[in-house]
Each structure stands twice: as C-alpha cells, then as structure tokens.
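Engineer: Here's a sequence, model it:
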Amino acid sequence: MGCSVFITATDTDAGKSYLTASLSRALLARGVDAFALKPVSCGYEAGEMNPDIASLLDAQDMGSGLADEINLYHFEAYAAPMFAAQAEGESVDVEELADWCDRRSQQHDLTLIEGVGGLMVPLAEGVLVSDWLQLMPHAKVLLVVRARLGGINQALLSIDKLQRMGRGPDWVVVNAADEHGGVWLADHCAAIAPYLGSETCLYEMPWLPGQDDAEAFLSESELFAVLEAMVL
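Structural biologist: Model (predicted):
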C-alpha cells in the first residue's frame, strides 16, 4: 500500500489546491510516483469544471476527460458539501468516500488527498470532514494555514481539533497566499509553534505568484524532502 497525505486547511481559500498542485508538479518532475486527488468539490459555473479539479488535472498533465480519476463527488453550488449535495437531491456517503480514496492510494507510491474546506465542514447529515479523515487512519495529515488577520485563531482551533483526534498534524504550512500575507508569516509561526507536538513540523510558504516559482521553492524545501523520502 502506498503512502497518503490528507491535505486540510483552517478555512476555504487557505491555499490547499495551490499547495497540492504545486507539490504534485514538483514530485512528478522529480520522478516520484505521486497522484493528487480532489475527492469532493463544490462550485462550478455552467459548462465549466470546478477550478480545483482543473488545477490538479493540469498539474498532473491529465485531460479534462479524466476528472473522474481524481474526483468522486462534484456539486454545482458554492456551498458546504452537505448543502450543495442536497440542492441536487444527492448525498455524500463518507464510507464510500474513504474507501475510494484508499483504493486509489494503493495504486501509487504517494497520494495527495485534498480535502474540502476545513475539518468541521459538514459532508452529510451528522458527518464532518474530520469524520472522513478518521476513516483513513494511515494517512498523514498536512494542515494549511492562511496568514491573515484571524488566521492564528483558526490555526490553533484546527490544531487542537487534530490533536484531540490523535492525528498530529504531521505538518503545518503557513501560507502567505497573496502579496499581503508575507507580513503575517513570522507572527503566525511564532504563535502556533508552542502548541505543536514534537511530531509536527512547521513550515512557511511565501507569496509566490507564479506556479513555476512555487514548484521551484517546494522542490528545495524540507517538506518536499520528507515527502520524497517517504517513498524511497
């Protein structure tokens, strides 16, 4: 069975897709047998593909016709999965979702599994993203924190939740996300570090507007080295 990493975040728009796509590009460029999934997606315009799915397909040089290879549930509404699914008369089966992820993780040396929203986002009635994560006990956990006003509070709440779940996290990436986020990076890391267990590694992701810049930065990062070493 290959290794898997569940990439979650403190909030929507924290940079999960950006980081997942950039890591995928960097790993594939180095020859690692890596695969990136976006199992649940919400929000797309009529006649278009969800942008997160499109981003991961592009990062892996996969055509739009292969969307089903990386995505199980996709809903049109820009809403939490439970409500987006209900709007279409559908529902998310979390056990099916976890099994689908596990089966795909067995096909590659390293599988990046991008979550949806944050840990407390409702997938279905009485089911949260955190419940999905708990059904994948072998997956490592990477938490993406967006550096912005309010970001420290969101980060510490998410870290506390993961620790009470017994799920680390294994890595925390504080992401500048835009040209303004850089001023918050040091303060976020300083505030977060005392609350991390010895098993958690903390990293900074500066604002890198170009995809090539992000790929180059990650290729030289300690995080990349750790992920690469997991499958060697």
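
Engineer: which residue lies farthest from the center of this structure?
Structural biologist: The C-alpha centroid of the chain is most remote from Gly89, which lies 26.6 Å away (CA atoms, centre = their mean).

Engineer: Could the C-alpha coordinates of the strand ranked longest in the chain be exported in CSV?
Structural biologist: The residue-count maximum for a strand in the chain (DSSP state E) belongs to strand 110-118. C-alpha atoms of strand 110-118 as CSV (Å, rounded to 0.1, in the frame of the first residue of the first chain):
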residue,chain,number,x,y,z
LEU,A,110,2.4,8.7,-2.8
THR,A,111,-1.2,10.0,-3.0
LEU,A,112,-2.1,13.6,-2.0
ILE,A,113,-5.7,13.8,-0.9
GLU,A,114,-7.1,17.4,-1.0
GLY,A,115,-9.9,17.9,1.5
VAL,A,116,-12.8,20.3,1.2
GLY,A,117,-12.9,23.5,3.3
GLY,A,118,-11.8,22.8,6.9
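
Engineer: so how far is it off the chain centroid?
Structural biologist: With CA atoms, centre = their mean, to the nearest Å as the basis, strand 110-118 stands 4 Å off its chain's centre.

Engineer: can you map out the helices along this structure?
Structural biologist: All helices of the chain, identified by DSSP state H, fall at 16-29, 51-59, 67-70, 81-86, 94-105, 129-134, 151-165, 182-192, 211-219, 222-230.

Engineer: any idea which of these is most buried?
Structural biologist: The highest average neighbour count among the helices of the chain, using mean count of other CB atoms under 10 Å, belongs to helix 16-29 at a mean of 23. No exception for glycine: its C-beta is placed from N, CA and C like everyone else's.

Engineer: coming back round to it: nearest to Ser41, of the helices of the chain?
Structural biologist: Closest to Ser41 of the helices of the chain, according to CB to CB: helix 51-59, at 5.5 Å.

Engineer: So which elements touch the lowest-mean-pLDDT helix or strand in the chain?
Structural biologist: Counting by mean pLDDT, DSSP states H and E, the chain has its least confident helix or strand at helix 211-219, which shows a mean of 88. Judged by 3 or more CB pairs under 8 Å, 6 or more residues apart in numbering; DSSP states H and E, the packing partners of helix 211-219 are helix 16-29.

Engineer: other SSEs contacting the helix it packs on?
Structural biologist: Here helix 16-29 touches strand 3-9, strand 34-37, helix 51-59, strand 110-118, strand 140-146, strand 171-175, helix 211-219, helix 222-230, going by 3+ CB pairs under 8 Å, 6+ apart.

Engineer: and the residue farthest from the centre of the chain, what does it touch?
Structural biologist: Applying CB atoms under 8 Å, 6 or more residues apart in numbering, we find Gly89 in contact with no residue.

Engineer: Fine, thanks again, bye for now.
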